[in-house]
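Colleague: Predicted structure and sequence below. I'll ask about it afterward.
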Amino acid sequence: MKLIIASNNKGKIREFKKILEPMGYEVLSQRESGIDVQPEENGTTFEENAAIKARAIYAVSKSATLADDSGIVIDALGGQPGVYSARYGTPDLDDEGRTALVLKNMQGVPDEERTARYVAVIHFIDENGNEISVRGTCEGRIGHEPVGENGFGYDPIFIYGDKTFAQHTEEFKNSVSHRANALKALAERLSEISEGK
Ligand code: IMP
C-alpha cells in the first residue's frame, strides 16, 4: 500500500519511513508520488495546517497520506513565532535573520522567563479516509546568542539541557525532538487501532 508524505525533506522522510514501512506501507515523498499540490497553509494552529496539507494530497491521490506542521512557541513572545515560524518577520529574512529577530524581540527578558517549546503535529489519513492527528513537543529555553553549527532554523538559540540543539548531535536531537515525540504518538495510535482498541 502506498503512503505519500507531504514533504520532500529527506531527513523527515527517513524518520517517517522507519515507523511506517514495518506497518506494510511503501513510503513515497510528494515528489516521488508525482502529485503537485501546494495548498495555502492558512490555518491558525499546527493541527489545521497539517490537516490542510494532508487533505489536499488525499483528495487527489486517495492513497494513505501523512503531513506534518511544526514550529517554535516562545512564552515571552506570547507564543510567537508559532505557526508562522518559517515566515517570522519580513519575507526577506533567512533562518539567521529570523533567529536574530527573536533575540532582538527578547532583549531584557530574564533567564527564568525564556521558556519555549518546539511543537510538531502529524496528520495521517489512511487509504479509507480515516484521519488521525497527533502532537509532540520538546521543552527548552531561548539563549542570548546563537551557538553551534548543527541542525537548522531556530536550533542555535534553542537550549535543551545544557546545550543548544545546534550543538547536540543530529542523532541525539532526533531521539528527543518534537517530531520524534509526535512520531512515537502516531506509532502508538496506529498499533492501538490495529489491535482494535
Ligand atoms: P515546517 O513544519 O517544515 O513548515 O517548519 C516550520 C518552521 O518551524 C521551520 O521552517 C523552522 O523555522 C521551524 N522548525 C520546526 N522544527 C524545527 C527544528 O527541529 N529545528 C529548528 N527549527 C524548526
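Modeller: Received, thanks. Given the structure is predicted, the values throughout are model-derived calculations rather than measurements. Numbers count the residues shown, from 1 in each chain.
Colleague: So which bits of this protein are right by the ligand?
Modeller: With the criterion set to CB under 6 Å from any ligand atom, the chain comes near the ligand through 68-72, 85-86, 118, 151-155, 177. (Glycine included, C-beta is placed from N, CA and C.)
Colleague: top of the residues you listed by neighbour count?
Modeller: Taking other CB atoms under 10 Å as the neighbour criterion, D68 ranks highest of these with 28 neighbours.
Colleague: Just to be sure, that residue is in a strand?
Modeller: Yes: assignment of D68 by DSSP: H, G, I helix; E, B strand; the rest coil places it within a strand.
Colleague: beta partners for the most centrally placed residue in the chain?
Modeller: In the chain, the C-alpha closest to the average C-alpha coordinate belongs to S70, at a distance of 3.2 Å (CA atoms, centre = their mean). For S70, the residues forming beta bridges with it (DSSP bridges) are A120.
Colleague: contacting residues for it?
Modeller: With contacts defined as CB atoms under 8 Å, 6 or more residues apart in numbering, the neighbours of S70 are 46, 85, 118-121, 178-179.
Colleague: sorry, back to before: make CSV out of the residues of the chain next to the ligand and add pLDDT and distance to P110.
Modeller: Compiled in CSV, the residues of the chain next to the ligand are given as follows (pLDDT from 0 to 100; distance: CB to CB, whole Å):
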residue, pLDDT, distance to P110
D68, 96, 33
D69, 96, 31
S70, 96, 27
G71, 97, 24
I72, 98, 19
S85, 96, 23
A86, 92, 28
Y118, 98, 22
G151, 88, 25
F152, 91, 28
G153, 94, 24
Y154, 97, 20
D155, 96, 23
S177, 94, 26
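Colleague: show me where the chain has helices.
Modeller: Taking DSSP state H, the helices of the chain run over residues 10-20, 30-33, 46-61, 95-105, 170-176, 178-194.
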